[in-house]
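*Asks:* Fold the following, please.
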Amino acid sequence: MTLFDVAKKNIKGNFKSYLVYFISMLFSVVIYYTFVSLQYSTEIIKSTESSQAMQGIFMVASAVLILFVSVFILYSNNTFARKRKKEVRLYSLLGLQRKTIGKMMFYENLIMGTVVLVAGVVIGTFLSRLFSMILIRLLGIAVDVGMAFSIQAVVNTIIVFAAIILLTSIQGYRLIYKFKLIELFRAEHIGEQEPKASVTAGILAVLCLILGYWFAFQRFSGNEEILRNIGIMLVGIISGTILLFSSAVVLVLKMIKRNKKRYYKGMNIITTSNLVYRIKGNSRMLSVISLLSAVALCAFSVGVGMYYGFEQNSRLASPFSYMYIAQDEAFNKKVDNIIRGDEEHPVIAQMTIPVVKSKGEASSTKILSGREEKADENPVKVISIDEYNKVAEKLGISSDINLQKGKAIAIRPMYTDYESSDFKGETLTLKLSEEDITLEFTGMTVERVINWSYPDVMIVVNDDVYKKIEAQSLTVDYVGYVVKDQKTTKKTANALAAIKTPQSKLSTFYTEYRLGIEGAAYNVFILGFLGLVFIMATGSIIYFKQLSEVTSDKPRYEILNKMGVSNRAINRSILKQNAFIFALPLAIGLAHYIVIINLLKRFFSNLAGVNLTQPIVLCVIIFVFIYVVYFGITVNSSTRIVNGKTLPMVRALVAAVFIFMIALVGILLWTTPPAEKEEPYTAEKIHLELPKPTGQYKVGTT
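*Replies:* Modelled structure (predicted):
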């Protein structure tokens with residue numbers, strides 16, 4: 001029997017222990033192959049407006065996945081090697097040199113990695129149609145995509161993961177040389193020291209978390225405040241989490257030990273003692289898992305939130321199907337002929353909305369920062385209350401605004417999270433040719449009555465005041481059309497884009513909608529799968545660590561069994577220990593998640609005004625159930641190692657969770673709006689007017 005044969009036999013014998021690692025790594029390969037294959041999917045590229053952006057997004061996601069998977073595999077291999085000290089000791093007793101043992105472990109890792117890589121590419125090829133269908137469903141397009149086999153994607157995946165596998169194999173080989181011979185023989189006889197915890201560090205952990213949470217809920221108005229809040233929040237949460245697991249949790253467990261009545265009841269002495277002795281050794285791992293869980297949940301929630309909110313943002317940015325500033329008669333007639341020539345989308349309503357444009361000075365930078373004047377000589381748009389109500393009625397917007405003379409209402413700028421209280425009491429002075437007029441804001445409305453254009457400063461005033469302003473200022477007419485089935489007006493949008501001029505500021509709902517849905521679909525697809533990879537990897541890490549510890553504790557449990565302790569009591573003790581180890585990072589991660597998502601909702605402009613309750617609940621449910629699956633698998637594997645039996649209740653729980661997850665995925669796919677059959681929008685004809693950055697707009701993505 002050759003050394004290679006021994007390596008294969010070892011893998012077969014230990015495959016149950018490697019199964020979770022195998023599945024997690026396999027899932028990573030499948031997801032990476034999917035990302036790369038979608039980059040080269042000609043069908044999807046031709047069917048989307050932002051194909052170049054899509055390729056860039058998938059490339060960045062692939063790089064993040066490579067980095068994370070590399071760290072995960074390196075950690076897992078390190079854990080495997082240390083778990084097998086007893087096996088390495090046996091080989092040493094049989095006379096094998098470290099060089100030979102290292103080669104054997106090198107072959108084992110190489111074989112395992114090769115199997116995972118080949119299986120991942122094969123499964124990824126078969127599942128490519130499913131993943132493509134999910135993305136197409138999210139994009140809202142109808143494209144026939146078959147089972148894709150991209151040579152470029154296969155070569156890319158093989159090169160990347162072959163390098164990772166080779167690196168981890170070399171690491172496993174070198175790790176054998178780090179084990180001292182005396183350590184291999186006396187590993188089981190080395191007594192564990194009870195961890196020490198500082199009360200000061202425990203108090204500091206709580207203070208750091210409170211500080212980080214407090215700054216996460218603080219509002220910000222400029223880039224300096226954004227950086228300050230995020231910096232302090234991150235430092236507070238990261239430092240607090242590390243100190244929490246290394247000191248605060250140990251202190252709590254020691255306090256539980258002082259309750260003698262409860263401590264000496266049943267197997268509590270074993271359960272609590274094991275947790276006290278092991279929690280400090282696991283503190284770094286649990287801290288990283290809590291933070292990674294929060295990051296994964298936030299990534300998925302931001303993606304889902306953007307997808308939930310893109311249509312709302314599209315409607316707010318483009319309340320009319322088509323809108324432009326009236327130009328000469330020839331241009332206006334050409335636009336009208338194009339729109340009315342589309343018989344598939346008849347005109348429901350057409351309106352001409354007079355809007356006054358003026359200079360102004362505001363009492364707050366929320367209203368007018370001063371930079372708008374550099375981009376436009378007359379940045380303030382003014383509309384009368386009577387005109388606003390008439391347009392709102394045509395658009396089906398509920399509005400019955402009344403204003404007294406000298407008062408005004410602001411229309412919230414797009415991509416901001418301003419509230420009515422931010423404007424109430426503030427003033428705006430309009431600089432007119434004859435006399436200045438100062439208006440006091442009574443509040444703010446979210447609903448817009450003209451399509452978005454920069455600068456985005458618009459107010460509603462009393463009719464009498466409007467007439468007074470109109471007599472001294474420049475008036476422009478916005479012409480708006482509402483048509484039937486505006487989501488499918490691709491041809492008309494193409495034709496209008498071809499004649500658009502910078503002065504007309506012609507905009508269409510279709511363009512806003514398609515760009516919004518594509519950006520949101522890419523985000524939810526990529527962030528969702530990356531989040532799942534992160535969560536599965538963190539669950540696997542806890543699984544490996546717990547199995548390693550229960551393996552070393554097996555002789556102690558056997559002694560307890562011989563002393564009369566029943567298998568049922570031992571199993572309950574193992575279940576409680578695993579429940580604590582899984583529940584603690586889960587609870588801390590969820591707490592971080594709720595706090596961070598509150599900041600991200602204000603940080604990302606696309607999430608402004610979007611109700612994230614449903615996405616948050618969905619993400620939490622998926623996250624909790626995945627952890628429940630890993631918890632069940634870990635408890636089953638641990639009890640099987642100790643006494644060769646598993647808990648029927650845990651098996652039933654895992655089965656129920658799998659059924660629930662399959663049903664949940666089916667419901668989500670079934671309830672996603674069906675794709676609209678249409679040709680792609682011509683990317684070459686898109687003309688975007690990008691505003692210069694101002695203090696008024698928050699950092700965000702489009």
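
*Asks:* The helix or strand hosting Phe525 - contacts with which helices or strands?
*Replies:* Per DSSP states H and E, Phe525 falls inside helix 509-562. Applying 3 or more CB pairs under 8 Å, 6 or more residues apart in numbering; DSSP states H and E, one finds that helix 509-562 makes contact with helix 15-39, helix 51-83, helix 98-139, helix 268-279, helix 283-317, helix 490-499, helix 567-603, helix 613-643. Bear in mind the C-beta positions are built from the backbone N, C-alpha and C, glycine included.

*Asks:* SS state for the residue in the chain sticking out farthest from the centre?
*Replies:* Most distant residue from the mean C-alpha position of the chain: Glu434, 53.6 Å away (CA atoms, centre = their mean). On the three-state scheme (DSSP: H, G, I helix; E, B strand; the rest coil), Glu434 is labelled coil.

*Asks:* Tell me the spatial nearest neighbour of it, not counting adjacent residues.
*Replies:* Closest residue in space to Glu434, ignoring its immediate chain neighbours: Gln472 at 5.2 Å, by CB to CB, 6 or more residues apart in numbering.

*Asks:* Pick out the shakiest of the helices and strands packed on helix 509-562, pLDDT-wise.
*Replies:* When the helices and strands packed on helix 509-562 are compared on average pLDDT, helix 51-83 comes out lowest at a mean of 73.

*Asks:* number of nearby residues for Ile242?
*Replies:* By other CB atoms under 10 Å, the residues close to Ile242 number 20.

*Asks:* now do the one 3 residues further on
*Replies:* By the measure other CB under 10 Å, the count of residues near Phe245 is 25.

*Asks:* Check the gap between it and Ala583 for me.
*Replies:* Note on Phe245: its distance to Ala583, by CB to CB, to the nearest Å, is 13 Å.

*Asks:* Same question for Glu344.
*Replies:* For Glu344, the distance to Ala583 - CB to CB - is 57 Å.

*Asks:* Likewise for Ala201?
*Replies:* Taking CB to CB, one finds Ala201 at 22 Å from Ala583.

*Asks:* Between those two, which has more neighbouring residues?
*Replies:* Ala201 (16 against 12).

*Asks:* which ones are touching the residue lying closest to that one once chain neighbours are set aside?
*Replies:* Distances taken as CB to CB, 6+ apart place Ser247 nearest to Ala201, at 3.8 Å, with adjacent residues excluded. Ser247 makes contact with 197-198, 201-202, 205, according to CB atoms under 8 Å, 6 or more residues apart in numbering.

*Asks:* and the gap between the residue lying closest to Ser637 once chain neighbours are set aside and Arg640?
*Replies:* Distances taken as CB to CB, 6+ apart place Leu547 nearest to Ser637, at 5.8 Å, with adjacent residues excluded. Plainly put, Leu547 is 10 Å away from Arg640 if you go by CB to CB.

*Asks:* go on, Tyr510?
*Replies:* For Tyr510, the distance to Arg640 equals 59 Å [CB to CB].

*Asks:* which of those two has more neighbours?
*Replies:* A count of neighbours by other CB under 10 Å puts Tyr510 above the other of Tyr510 and Arg640, at 27 against 14.

*Asks:* Backbone torsions only: list them for the residue nearest to Glu434.
*Replies:* phi -120, psi 0 (degrees, to the nearest 10).

*Asks:* so what's it up against?
*Replies:* Contacts of Gln472 (CB under 8 Å, 6+ apart): 432-435.

*Asks:* which of those residues count as buried?
*Replies:* Among the contacts of Gln472, those buried by neighbour count (16 or more other CB atoms under 10 Å) are Leu432.

*Asks:* Go through the contacts of Gln472 and say which is closest to Lys265.
*Replies:* Closest approach to Lys265 among the contacts of Gln472 (CB to CB): Leu432, at 82.7 Å.

*Asks:* The closest one: what's its closest spatial neighbour, skipping adjacent residues?
*Replies:* Distance criterion CB to CB, 6+ apart; nearest residue to Leu432, sequence neighbours excluded, is Gln472 at 4.1 Å.

*Asks:* Make sure Arg219 is indeed in a strand.
*Replies:* No: assigned with three-state DSSP, Arg219 falls outside any strand and is coil.

*Asks:* give me the number of residues near the closest residue to it other than its chain neighbours?
*Replies:* For Arg219, ignoring the flanking residues on the chain, the nearest one in space by CB to CB, 6+ apart is Arg602 at 7.3 Å. Each residue near Arg602 was counted by other CB under 10 Å, and the total is 21.

*Asks:* Now that Arg602 has come up, it's in contact with Phe217, right?
*Replies:* No: using CB atoms under 8 Å, Arg602 is not in contact with Phe217; the gap is 9.7 Å.

*Asks:* picking up where we left off before, to Thr538, which of the helices and strands packed on helix 509-562 lies closest?
*Replies:* helix 283-317 (4.5 Å).

*Asks:* Can you give the contact residues for the helix or strand following the closest one?
*Replies:* Moving toward the C-terminus from helix 283-317, the next helix or strand (DSSP H and E) is strand 322-325. Where contact means CB under 8 Å, 6+ apart, the residues beyond strand 322-325 that reach it are 335, 339, 450-451, 476-481, 483, 492, 496, 500, 503-509.

*Asks:* For strand 322-325, which strands pair with it and how are they oriented?
*Replies:* strand 474-483 (antiparallel), strand 507-508 (antiparallel) (DSSP bridges).

*Asks:* Tell me which of the ones you listed sits nearest to Asp464.
*Replies:* strand 474-483 (16.2 Å).

*Asks:* and Phe310, how many neighbours does it have?
*Replies:* By other CB under 10 Å, 23 other residues sit near Phe310.

*Asks:* how much space between it and Glu447?
*Replies:* For Phe310 relative to Glu447 (CB to CB), the value is 18 Å.

*Asks:* Check Thr551 too.
*Replies:* Using CB to CB, Thr551 is found at 63 Å from Glu447.

*Asks:* Identify the residues contacting the residue nearest to Ser273 when sequence neighbours are not counted.
*Replies:* Leaving aside its sequence neighbours, Ser273 sits nearest to Lys257 (CB to CB, 6+ apart; 7.7 Å). For Lys257, the contact set (CB under 8 Å, 6+ apart) comprises 263, 272-273, 276.

*Asks:* Neighbour count and distance to Asn10 for the residues you listed - can I get that in JSON lines?
*Replies:* Output for the contacts of Lys257, formatted as JSON lines (neighbours: other CB atoms under 10 Å; distance: CB to CB, whole Å):
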{"residue": "Tyr263", "neighbour count": "14", "distance to Asn10": "42"}
{"residue": "Thr272", "neighbour count": "21", "distance to Asn10": "36"}
{"residue": "Ser273", "neighbour count": "15", "distance to Asn10": "34"}
{"residue": "Val276", "neighbour count": "20", "distance to Asn10": "35"}
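
*Asks:* can you redo the strands paired with strand 322-325 as a markdown table with mean pLDDT and mean neighbour count?
*Replies:* What follows is the strands paired with strand 322-325, written out as a markdown table (pLDDT from 0 to 100; neighbours: other CB atoms under 10 Å):
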| stretch | mean pLDDT | mean neighbour count |
| --- | --- | --- |
| strand 474-483 | 90 | 18 |
| strand 507-508 | 90 | 26 |
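
*Asks:* for those, which one sits closest to Tyr415?
*Replies:* strand 507-508 (15.2 Å).

*Asks:* can you give me how far that closest one is from the chain middle?
*Replies:* Mean-position distance between strand 507-508 and its chain equals 30 Å (CA atoms, centre = their mean, to the nearest Å).

*Asks:* Repeat that for stretch 390-408.
*Replies:* 38 Å.

*Asks:* Buried residues of it, list them for me.
*Replies:* Within stretch 390-408, the residues scored as buried using 16+ other CB under 10 Å are 391-392, 394-395, 397, 399, 403, 407-408.

*Asks:* Hmm, which of those residues is lowest in pLDDT?
*Replies:* Ser399 (69).

*Asks:* Please settle this for me: is Leu204 part of a helix?
*Replies:* Yes: counting by three-state DSSP, Leu204 is found in a helix.

*Asks:* does it really touch Leu243, like I thought?
*Replies:* Yes: using CB under 8 Å, Leu204 is in contact with Leu243, at 5.7 Å.
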